[in-house]
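Q: Here's my sequence, what's the structure:
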Amino acid sequence: MLTLRLIRRFGTVPHRFSTAAIVERASSARNSVRKPSEVSEPALVKLKNEKDPEKLFHLFKANAHNKLVVENRFAFEDTVSRLAGARRLDYIENILEHQKTLPQGRREGFIIRIIMLYGKAGMTKHAVDTFCDMHLYGCKRTVKSFNAALKVLTQSRDLAAIESFLSDVPFRYGIELDDYSINIVIKAFCEMGILEKAYLVMVEMEKLGITPDVITYTTLIAAFYKADRPMIANGLWNLMVLKGCLPNVATFNVRIQFLVNKGRAWEANKLLAFMRRHKKFPEFPDEVTYNLVIKGFCRAGFFEMAMRVYSALHNEGYKPNLKIYQTMIHYLCEAGELDLAYTMCKDSMQRNWFPSVHSINNLLRGLRKDGRVDKIDKAKHIYSLVLKKAPPFPAAQIEIMNSILSRN
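A: Below is the predicted model:
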């Protein structure tokens, strides 16, 4: 049985006390269900287009037996999301509780979806209850459904409830935790800022015979870097390598992000060079790595080096993305490197990648302020590309850009 603290916080009770309520809800759901729609495809279209929460609810219930609806992940998730947005949690409960009584309720994968949908709607109690009551629907529990319920519970950021769930539930249902279970907990503890406890979870998992993987280490390393505790982060990196767990591209990017944030662009570039020399697979380093190093050099004012890294990205066969363009345009405008910023902005827009309105406005102001004819012509060309954007920028933003060009 879950501890009293978990019961008080989420109203979760052992399944033997909730059986009657579940049977009553299922009976009520069966009585309220309407006949399925005769035509399947229009039902999906109607669900997508329906704006009224009450009509949306009844439309979904009318198609409760329609496999094209209930087996369509997007339709299911979109319906629950919109009902949650309208704060109609009663409708969500009605829909999901009824779905559990249908044949698909005997499939663990389907129950996992219901658990996660309850989580997205912020209905933690219902998610945990769904896991605890799976046997009532003839559905076998495994660590997969446990992990789904655990993930939803960690979103509550309730430390006592999480610890209670971890200590009581696996023993009660004979579930063996896996590395994914532990990674869920470590990620949650890191996000809650209790880094020492997150580290101790990793230590305990090893005692249970669960080997930490690269995700475990990367999560902890990222959290300690973010907390400005690089000595511990670097120590975890060394420990990871010592135990034969090699860092992946995400682990390298976490360290490069820290170096860039600290203004250590040259060290970040050395790490990039190391990754290029020890290329393990095609996307090592990846676009994120290049973007971070480019950002580091731009922030430090080393625009020539930023362009060299940009060229290296091309040489490695990568195509620049909007984020890389946005980074360079932003910092080039700040540094007054308007010609280069213009070239980057033009190239980006011609690829239908439009930088932020703030960056465009800064570029237009800089070119207009220069006053020379060639600079004004460049500003007008940027504005002409702005007008070709589809979908267009809001009229108010276009008016601001036009006013910048019109100033004397």
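
Q: which helices and strands sit right next to the helix or strand in which residue 204 is found?
A: Per DSSP states H and E, residue 204 falls inside helix 195-207. Based on contacts counted as 3 or more CB pairs under 8 Å, 6 or more residues apart in numbering; DSSP states H and E, the elements that helix 195-207 packs against are helix 179-191, helix 214-226. C-beta here means a position set from N, CA and C on the backbone, and glycine is covered the same way.

Q: Low-confidence bits of this protein, can you list those?
A: 1-41, 280-283, 408 (pLDDT under 70).

Q: in the strand or helix carrying residue 61, what counts as buried?
A: In the assignment (DSSP H and E), residue 61 maps to helix 53-62. For helix 53-62, the neighbour count (16 or more other CB atoms under 10 Å) marks 53, 56-57, 59-62 as buried.

Q: Dump those residues to TSV, plus distance to residue 166.
A: Listed next are the buried residues of helix 53-62 as TSV, based on distance: CB to CB, whole Å:
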residue	distance to residue 166
53	36
56	37
57	35
59	40
60	35
61	36
62	41
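
Q: Between those residues, which sits nearest residue 107?
A: residue 60 (19.3 Å; CB to CB).

Q: That closest one and residue 393, how far apart?
A: Counting by CB to CB, to the nearest Å, the gap from residue 60 to residue 393 is 36 Å.

Q: With adjacent residues omitted, what lies nearest to residue 199?
A: Leaving aside its chain neighbours, residue 199 sits nearest to residue 220 (6.2 Å; criterion: CB to CB, 6 or more residues apart in numbering).

Q: in the stretch 201-350 of the chain, which spans are helices?
A: Taking DSSP state H, counting those that start in this stretch, the helices of the stretch 201-350 of the chain run over residues 214-226, 230-242, 249-261, 265-277, 287-300, 303-315, 322-334, 338-350.

Q: any chance of those helices in TSV, plus mean neighbour count and distance to residue 401?
A: Converted to TSV, these look like this (neighbours: other CB atoms under 10 Å; distance: least, CB to CB, whole Å):
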stretch	mean neighbour count	distance to residue 401
helix 214-226	22	37
helix 230-242	15	43
helix 249-261	21	31
helix 265-277	17	32
helix 287-300	23	24
helix 303-315	17	25
helix 322-334	22	14
helix 338-350	19	12
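
Q: Take those and lay them out in CSV including distance to residue 403.
A: Shown next, in CSV, are those (distance: least, CB to CB, whole Å):
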stretch, distance to residue 403
helix 214-226, 41
helix 230-242, 47
helix 249-261, 35
helix 265-277, 37
helix 287-300, 28
helix 303-315, 29
helix 322-334, 18
helix 338-350, 19
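
Q: Can you tell me which of these is nearest to residue 47?
A: helix 322-334 (32.3 Å).

Q: I'd like to know which elements the closest one is packed against.
A: helix 287-300, helix 303-315, helix 338-350, helix 357-370.

Q: export those helices to JSON lines and tack on distance to residue 73?
A: Listed next are the helices and strands packed on helix 322-334 as JSON lines, based on distance: least, CB to CB, whole Å:
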{"stretch": "helix 287-300", "distance to residue 73": "28"}
{"stretch": "helix 303-315", "distance to residue 73": "35"}
{"stretch": "helix 338-350", "distance to residue 73": "34"}
{"stretch": "helix 357-370", "distance to residue 73": "35"}
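
Q: so which of these comes closest to residue 397?
A: So among the helices and strands packed on helix 322-334, helix 357-370 is nearest, using CB to CB, at 5.2 Å.

Q: If you count neighbours, what's buried in that closest one?
A: 359-360, 362-368, 370.

Q: Closest one of those residues to residue 144?
A: Checking these one by one against residue 144 (CB to CB), the nearest turns out to be residue 359, at 44.4 Å.

Q: What separation is there between the closest one and residue 337?
A: With CB to CB as the criterion, residue 359 and residue 337 are 13 Å apart.

Q: same thing with residue 232?
A: Taking CB to CB, one finds residue 232 at 38 Å from residue 337.

Q: do residue 374 as well
A: 15 Å.

Q: who's more crowded, those two?
A: Neighbour comparison, residue 374 and residue 337: the larger count goes to residue 337, with 20 against 10 (by other CB atoms under 10 Å).

Q: Spatially, and excluding backbone neighbours, which residue is closest to the more buried one.
A: The nearest residue in space to residue 337 (CB to CB, 6+ apart) is residue 303, at 5.9 Å.

Q: so who does the one you found touch?
A: Taking CB atoms under 8 Å, 6 or more residues apart in numbering, we find residue 303 in contact with 297, 331-332, 335, 337, 340.

Q: Residue 86: which of those residues is nearest?
A: So of these, ranked by how close each gets to residue 86 (CB to CB), first place is residue 331, at 42.5 Å.
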